[in-house]
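Colleague: sequence first, then the predicted structure:
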Amino acid sequence: MKKILFVLIFFLFCAKISFAANTGEISPDGPSSANESSATTNWTNTGTSPVDSVGTSNDAYCVYTGTTLDSLYVINFNMAIPAGATIDSIFATLEAQGSATQAARRRLAYFFVKDGTVPVGEISAVNNFPQDVDGTQRMTGVTTPLWNTTWSAAEINASTFGIVLWKTATQAGNVSLDHVTIYVAFTEVGGAKGSVMSSGLIN
């Protein structure tokens, strides 16, 4: 009887433990996974397709060549967070490099969007990327893990969720973006922990 009781208590204890999970790299649905700030934007793709540009770390870049602070909207991450889950934290990771000797000209800034257009929460300036060699920068919220705003599972699952990027310096010097990922940690209804890792693509 004691053995059965011990096994039952152990089982119930284990049922309370939260196990992290992720779906691996997820590609956006459809070809229109990003917009640029204008028809004359200075962002160009060097890959053979939108997927080839920033969907994987493959040295096929989306390159910013201008000085007008044109924005790149990377959206449609196709998240699959369970309905009703509580969003705990969000961070983005960028892999990129710059061509300028001056470090400040090799920097990108970004903010998150819920509707594909309007910025929400905090704006983040990514640290300077290396010159002529890829470097990875992971950014979390400065004030809160949720970037000083609130999120629902539905908002993050929406095709309009994503980030907007731009070079912070107006002086000459290319920034070449190789890979974009967004990571969301959440708690499901009932307390189970989970996570989704997603890879953003552009056209």
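Modeller: Alright, I've got the coordinates.

Colleague: I figured residue 82 hits residue 154, correct?
Modeller: No. In this structure, residue 82 sits apart from residue 154 without contact. The criterion is C-beta atoms under 8 Å, and the distance is 10.7 Å. Yep, even glycine has a C-beta here, placed from its N, CA and C like the rest.

Colleague: wait, isn't residue 174 in contact with residue 63?
Modeller: Yes. Using C-beta under 8 Å as the test, residue 174 is close enough to residue 63 to be in contact (5.6 Å).

Colleague: helices along this protein, start to end?
Modeller: Counting by DSSP state H, residue ranges of the helices within the chain are 2-16, 50-54, 153-157.

Colleague: shaky segments in the protein?
Modeller: Counting by pLDDT under 70, the chain contains low-confidence ranges at 1-41, 46-52, 191-203.

Colleague: which stretches of it form strands?
Modeller: Per DSSP state E, the chain carries strands over the ranges 34-36, 43-45, 62-64, 72-75, 86-98, 108-113, 119-125, 135-140, 162-167, 175-187, 193-199.

Colleague: around residue 131, count how many other residues there are.
Modeller: Other residues within reach of residue 131, judged by other C-beta atoms under 10 Å, total 16.

Colleague: residue contacts, residue 132?
Modeller: With contact taken as C-beta atoms under 8 Å, 6 or more residues apart in numbering, residue 132 is in contact with 97, 98, 99.

Colleague: which among the strands of the chain is found nearest to residue 148?
Modeller: Judged by C-beta to C-beta, the one of these that comes nearest to residue 148 is strand 119-125, at 4.7 Å.

Colleague: and that closest one with strand 162-167, angle?
Modeller: Using axes from the mean of the first three to the mean of the last three C-alpha atoms, to 10 degrees, one finds that strand 119-125 and strand 162-167 are set 40 degrees apart in direction.

Colleague: ok, residue 65 - contacts?
Modeller: So residue 65 contacts 42, 44, 174 (C-beta under 8 Å, 6+ apart).

Colleague: measure it to residue 148 for me?
Modeller: With the distance defined as C-beta to C-beta, to the nearest Å, residue 65 ends up 32 Å from residue 148.
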